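Colleague: Kindly generate the corresponding structure for this input.
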Amino acid sequence: SSEGGVFALDAVELRMLLSTPGRDTWRGNGFPPLFAHQVFGEEEEIVGFKRPRVQVAYAADTLLPALSFSHAGKVGANQTQVARTIKRTVPSDYVNAHRLPALVEETAGMFRPPGELLSSYSLYDLGGSEGDVA
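Modeller: Coordinates of the predicted model:
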């Protein structure tokens, strides 16, 4: 790692937002990407920030994404242009991260995937219970 560099997989979190009545929209754990070289180069490094944190959240039904980036200060003269780099390599219609939970609530139940439902199952069909859901 170069001076001020942080391994991107330690700084990036992906999250799926699900609208569930009576529950926090942001429930569930985020997870790191499997790799980040397509976005941050072969070194998979974010340079020039103390404790960078990148969160890319997606609405679970529409996959509408929101991007947020924070850090605890700059280090050195050269910083990775995090948001610009992500938006250039992963183009999409990003929404404001603070607006995404409201959009998820507004569009809850509106998304219908194309095609015909052939079968379905639930956790309860498999002998699970509400407490088994992360």
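Colleague: any weak-confidence spans in the chain?
Modeller: Residue ranges of the chain with pLDDT under 70: 1-4, 19-28, 123-134.
Colleague: could you pull out the strands for this protein?
Modeller: Using DSSP state E, the strands of the chain run over 5-7, 12-17, 45-47, 53-59, 65-70.
Colleague: Pick the most buried one from those.
Modeller: For the strands of the chain, the largest average neighbour count (mean count of other C-beta atoms under 10 Å) is found in strand 45-47, namely a mean of 22. Any C-beta I mention is one placed from the backbone N, CA and C, and that applies to glycine too.
Colleague: Adding distance to Arg84, write the strands of the chain out as TSV.
Modeller: Shown next, in TSV, are the strands of the chain (distance: least, C-beta to C-beta, whole Å):
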stretch	distance to Arg84
strand 5-7	17
strand 12-17	15
strand 45-47	13
strand 53-59	12
strand 65-70	10
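Colleague: between those, which one is nearest to Thr80?
Modeller: Evaluated over these, closeness to Thr80 peaks at strand 45-47, with 4.9 Å, by C-beta to C-beta.
Colleague: What lies in contact with the closest one?
Modeller: Residues outside strand 45-47 that contact it (C-beta atoms under 8 Å, 6 or more residues apart in numbering): 1-2, 4-8, 11, 40, 52, 54, 76, 78-80, 82.
Colleague: Next: stretch 79-93.
Modeller: 38-40, 45-49, 52, 54, 56, 64-65, 67, 69, 94.
Colleague: and of those residues, the nearest to Leu100?
Modeller: Leu64 (7.1 Å).
Colleague: Please consider this matter closed, and thank you.
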